[in-house]
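# Got a predicted model here, sequence first, then my questions.
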Amino acid sequence: MAPFRARGELSGFRSFARQMGFGKAALYLYHRPKDLLRLCLEEGGPYQQWRTEQGRRAMLDAALRSPPLHAAEPDRGARIAFLSGSRYWYQTVFCFASLQIHVPFRITPLIFDDGSLDNTVRAAISRVIPWALFTSANDIEVKLDRALPANGFPRLRSRRREYPHLRKLIDIHLGASGWN
């Protein structure tokens, strides 16, 4: 009978801890600082993190100042797909630009919104790559609901939300035909 009493006392303690906000205190005073320290060490320390951030800012500034690309002719229907968003759009621009300047024909970038592309970011991409085609997050959701409805594929849909790298496979290739 003692184990039942202990279990009941433990759930009472958990209830008390939730009411007192110990979970939030543990999160802010222990877990987040521990995770930030681990990340700092994994990334090479504070100086290396600072250098990485300086490089990111320089890349962002360069993307904002980049002149528009001039597409090579002819357009042979070549396409390349990117899943991009507001945090990585400038990397998408540089990745595509470095490909296009080395290919003697036009390649059309198909940019799939990760849910964070706003009009400002779309305009910045379109300024550099005027022929870029965008697929909005809403259009992707419509395709998902049609081809992989949540009630028929609940696990896949939940994993897609939890694990963003699956979106690179699912969102880009869902309903697509030909090479991508």
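Structure's in. What do you need? Numbers count the residues shown, from 1 in each chain.

# mind checking which helix or strand Asp171 is in?
helix 165-173 (DSSP states H and E).

# Looking at the lengthiest strand in the chain now, give me its mean pLDDT.
As assigned by DSSP state E, the longest strand anywhere in the chain is strand 75-84. Mean pLDDT, strand 75-84: 91.

# Okay, angle between that strand and helix 165-173 too, please.
150 degrees (axes from the mean of the first three to the mean of the last three Cα atoms, to 10 degrees).

# and for the helix holding Asp171, what are the contacting residues?
Applying Cβ atoms under 8 Å, 6 or more residues apart in numbering, the set of residues contacting helix 165-173 from outside is 81, 83, 110, 112, 114, 140, 144, 148, 156, 159-160, 180. Any C-beta I mention is one placed from the backbone N, CA and C, and that applies to glycine too.

# ok, of the residues you listed, which come out buried?
81, 83, 110, 112, 114, 140, 144, 160 (16 or more other Cβ atoms under 10 Å).

# quick one: which of those sit in strands?
Counting by DSSP E, the buried ones among the contacts of helix 165-173 place 81, 83, 110, 112 in strands.

# Quick check: of those residues, which lies closest to Leu36?
Comparing these against Leu36 with Cβ to Cβ places Leu83 closest, at 27.2 Å.

# That closest one and Ala150, how far apart?
Distance, Leu83 to Ala150, by Cβ to Cβ, to the nearest Å: 20 Å.

# rewinding a little: may I see the ones in strands among the buried ones among the contacts of helix 165-173 arranged in CSV, with distance to Ile170 as well?
Compiled in CSV, these are given as follows (distance: Cβ to Cβ, whole Å):
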residue, distance to Ile170
Ala81, 12
Leu83, 10
Leu110, 15
Phe112, 10
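
# which one among the residues you listed gets closest to Ser126?
Among these, and counting by Cβ to Cβ, the member closest to Ser126 is Leu110, at 13.4 Å.

# Correct me if wrong: the closest one contacts Gly77.
No - using Cβ atoms under 8 Å as the test, Leu110 is too far from Gly77 to be in contact (12.0 Å).

# where along the chain do the helices fall?
For the chain, the helices defined by DSSP state H cover 2-20, 22-26, 32-42, 46-65, 89-100, 119-128, 137-147, 154-162, 165-173.

# could those helices go into TSV alongside distance to Arg106 and mean pLDDT?
Shown next, in TSV, are these (distance: least, Cβ to Cβ, whole Å; pLDDT from 0 to 100):
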stretch	distance to Arg106	mean pLDDT
helix 2-20	59	61
helix 22-26	53	79
helix 32-42	40	90
helix 46-65	21	94
helix 89-100	8	96
helix 119-128	15	96
helix 137-147	23	91
helix 154-162	32	90
helix 165-173	20	86
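
# Setting aside sequence neighbours, what's the nearest residue to Arg76?
Leaving aside its chain neighbours, Arg76 sits nearest to Phe105 (5.0 Å; criterion: Cβ to Cβ, 6 or more residues apart in numbering).

# Appreciated, that's everything.
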